[in-house]
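> With the sequence up front, the predicted model follows.
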2 protein chains.
Amino acid sequence: MEELSIFKGIANNDIIKMIKCFDAKKIEFKKDRTILSNVTNSNLIGIVLKGSANIIRYDYNGNRSIIESLETDSVFGKTFSYLDDDVIVVATSDCEVLLFDYDLLMKRCRKNCECHTKLMDNVLSLLSLKIIDLNERLEILSKRSIREKLLCYLNLISKKKGKKSFYLPLTYTELADYLSVDRSAMMREVKNLKDEGFISSNGKKLTLVNY
Amino acid sequence: MEELSIFKGIANNDIIKMIKCFDAKKIEFKKDRTILSNVTNSNLIGIVLKGSANIIRYDYNGNRSIIESLETDSVFGKTFSYLDDDVIVVATSDCEVLLFDYDLLMKRCRKNCECHTKLMDNVLSLLSLKIIDLNERLEILSKRSIREKLLCYLNLISKKKGKKSFYLPLTYTELADYLSVDRSAMMREVKNLKDEGFISSNGKKLTLVNY
DNA sequence: AAAAAAAAGTTGCATATGCAACATATTGTC
DNA sequence: GACAATATGTTGCATATGCAACTTTTTTTT
């Protein structure tokens, strides 16, 4: 997947102009800080410039579920999120986020600055990547057993890293949330996969043996 | 959800210009015909103008799964799909589709026709809606039991239609595929929900009683 | 209108999975 | 370095779910 950034192909001084143009704010957040609470009622669109974050949802029972893991260049905001429930965005590492008003981006600015076109182009690409990510998670969640979900996930990671060995980018607890399965049941299945020789693991370092 | 169309806000004669501009083809398909085979290796972007279609994936075992149900104004194509496996788009009713080259849309045309901007605006909106749809399905699939998946799905439909009573837009067989659960197990759970008074049903007509 | 194909509906069975309840290990904080 | 908090690892148990194998009903095709 080629490198992509919201400002790709835009000159530096133009970037400054544009940031003014749609009243963007670049903000830094420490790990575990809330970047955006009550996403549902906010009209902001955000882009992760550095670091990572999670979109987290609490349903009526207070159950936490990780909707999405945001990496660099992920786009988030009301339009790209749920309509209901309690959705917040939380930094999973120290990170830097660009926040601006969705409407100001969409409805081209009065000055109609020339870079706006390029910027929308970039946003479009970011959204495409997001859709691919969502489809990936759907592929995983559409598997019917924990084993299949795990293998599907691990193979995706492996394919992305281009290696059979890699470090899990999530804690096992987070992974269970991401796969939407019971953590202890997942640990059991990890063990089974190890015992049966499909994977070898040492803590968070994993190696796909077969498949 | 407000009305949206790829050509919204664009004058008729401009539409004709634009269709030339990025070499778009409007094609009609009969129910059950394949709209696009081998999506993965195609560079086309498609928009459903009338009717409906399914994005279907066959995995290595030949298992069919419905990736997505496309309704009017849905966007589909390689960029918005899987990287691997056998993905095809099949009409689920007589329908009309606009097909054009993805690159010609993205890289603004040489003439840089003024409506291009508006069109990208519209595509952006359609993609946002698509992301909401994907998130909806993720919400459903992240539920851990068939019962919860069903209720989640039915409530979404009910909310969209604005009624407690509605007709299922899928067959039960398709619904099971959509929820990624065993059909007979799902039927059993539908029956349980009926017996316990959560829903009442008569064939494909359903009514949410509680909840 | 008969035949064929697809969908809906049902049931028994084996087991994978959620849940609860732990112990141990790791990480973060003062 | 001590304490708290969080993550990891394990196990027993009840049951929800996938699977297989049917019958019946509905839809489509000839």
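Thanks, I have the structure now.

> Residues of chain A that sit close to DNA strand C?
By the rule CB under 7 Å from any atom of the strand, the part of chain A lying against DNA strand C is A:144-147, A:180-182, A:184-186, A:188-189. In short, each C-beta sits where N, CA and C put it, glycine included.

> domain parsing for chain A?
Structural domains assigned to chain A are A:12-140, A:144-208, following automatic domain parsing.

> By mean pLDDT, show me the worst of these.
In terms of average pLDDT, domain A:12-140 trails the rest of the domains of chain A, at a mean of 75.

> Could you tell me the end-to-end distance of that one?
40 Å (CA to CA, to the nearest Å).

> Centroid-nearest residue for chain A?
Residue closest to the average C-alpha location in chain A (CA atoms, centre = their mean): A:L70, at 2.1 Å.

> partners of the helix or strand containing A:V87, with directions?
Here A:V87 sits within strand A:86-91, counting by DSSP states H and E. Strand A:86-91 has its sheet partners listed here by DSSP bridges as strand A:34-36 (antiparallel), strand A:53-58 (antiparallel).

> Highest mean neighbour count out of those strands?
Among the strands paired with strand A:86-91, the stretch with the highest mean neighbour count (mean count of other CB atoms under 10 Å in any protein chain shown) is strand A:53-58, at a mean of 21.

> Can you show me the strands along chain A?
A:25-29, A:34-36, A:44-50, A:53-58, A:64-70, A:75-77, A:86-91, A:95-101, A:165-167, A:199-202, A:205-208 (DSSP state E).

> any chance of these in a markdown table, with distance to A:L138 too?
Putting the strands of chain A into a markdown table (distance: least, CB to CB, whole Å) gives the following:
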| stretch | distance to A:L138 |
| --- | --- |
| strand A:25-29 | 28 |
| strand A:34-36 | 24 |
| strand A:44-50 | 21 |
| strand A:53-58 | 15 |
| strand A:64-70 | 12 |
| strand A:75-77 | 18 |
| strand A:86-91 | 19 |
| strand A:95-101 | 26 |
| strand A:165-167 | 22 |
| strand A:199-202 | 23 |
| strand A:205-208 | 22 |
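
> Same list (those strands) but as TSV, adding distance to DNA strand D.
Output for the strands of chain A, formatted as TSV (distance: least, CB to the nearest atom of the strand, whole Å):
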stretch	distance to DNA strand D
strand A:25-29	18
strand A:34-36	14
strand A:44-50	20
strand A:53-58	11
strand A:64-70	10
strand A:75-77	21
strand A:86-91	12
strand A:95-101	17
strand A:165-167	11
strand A:199-202	8
strand A:205-208	10
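
> For B:F22, find the nearest of the ones you listed.
Nearest to B:F22 among the strands of chain A is strand A:75-77 (24.4 Å), distances taken as CB to CB.

> ok, A:V90 - how many residues close by?
Neighbours of A:V90 under the rule other CB atoms under 10 Å in any protein chain shown: 18.

> before we move on, what about the one 3 residues further on?
With neighbours defined by other CB under 10 Å, the count for A:S93 comes to 12.

> Likewise for A:D86?
Here the count is done by other CB under 10 Å, and A:D86 has 16 residues near it.

> that older thread, kindly present the strands paired with strand A:86-91 as TSV, with separate columns for distance to B:I45.
Below are the strands paired with strand A:86-91 laid out as TSV (distance: least, CB to CB, whole Å):
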stretch	distance to B:I45
strand A:34-36	31
strand A:53-58	27
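
> Figure out which of the domains of chain A is closest to B:A24.
Checking the domains of chain A against B:A24 by CB to CB gives domain A:12-140 as the closest, at 17.3 Å.

> just to revisit the earlier point, buried deepest among the domains of chain A, which one?
Note that of the domains of chain A, domain A:12-140 is the most buried (mean count of other CB under 10 Å), with a mean of 17.

> Would you map the helices across chain A?
With DSSP state H, the ranges of helices along chain A come out as A:12-21, A:102-106, A:115-141, A:146-161, A:172-179, A:183-195.

> need those in a markdown table with distance to chain B, can you?
As requested, the helices of chain A are exported to a markdown table (distance: least, CB to the nearest CB, whole Å):
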| stretch | distance to chain B |
| --- | --- |
| helix A:12-21 | 15 |
| helix A:102-106 | 6 |
| helix A:115-141 | 4 |
| helix A:146-161 | 8 |
| helix A:172-179 | 9 |
| helix A:183-195 | 10 |
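
> Let me have those helices in CSV, extended by distance to B:V39.
As requested, the helices of chain A are exported to CSV (distance: least, CB to CB, whole Å):
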stretch, distance to B:V39
helix A:12-21, 35
helix A:102-106, 28
helix A:115-141, 12
helix A:146-161, 19
helix A:172-179, 26
helix A:183-195, 31
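
> so which of these comes closest to B:D101?
Comparing the helices of chain A under CB to CB, the one sitting nearest is helix A:115-141, at 14.9 Å.

> From the chain's centroid, how far away is the closest one?
11 Å (CA atoms, centre = their mean, to the nearest Å).

> That one relative to strand B:86-91, how many degrees between them?
100 degrees (axes from the mean of the first three to the mean of the last three CA atoms, to 10 degrees).

> Give me the contact status of helix A:115-141 with DNA strand D.
No - Helix A:115-141 stays clear of DNA strand D (CB under 7 Å from any atom of the strand), getting no nearer than 11.5 Å.

> Run through the neighbouring helices and strands of that helix.
On a contact count with 3 or more CB pairs under 8 Å, 6 or more residues apart in numbering or on different chains; DSSP states H and E, helix A:115-141 meets helix A:12-21, strand A:64-70, strand A:75-77, helix A:102-106, helix A:146-161, helix A:172-179, helix B:102-106, helix B:115-141.

> how far off strand A:44-50 does that helix point, in degrees?
Using the same axes, to 10 degrees: helix A:115-141 against strand A:44-50 is 80 degrees.

> give me every residue that touches the residue nearest to the residue nearest to the centre of chain A when sequence neighbours are not counted.
Distance criterion CB to CB, 6 or more residues apart in numbering or on different chains; nearest residue to A:L70, sequence neighbours excluded, is A:A53 at 4.4 Å. A:A53 makes contacts with A:29, A:35, A:70, A:74, A:76, A:89-92, A:95, A:97, as judged by CB atoms under 8 Å, 6 or more residues apart in numbering or on different chains.

> Give me the distance between A:A53 and A:E96.
11 Å (CB to CB, to the nearest Å).

> what is in contact with those two at once?
Counting by CB under 8 Å, 6+ apart, the residues touching both A:A53 and A:E96 are A:F29.

> who's the residue nearest to A:L70 bridged to?
Under the criterion used here (DSSP bridges), A:A53 is bridged to A:L70, A:A91.
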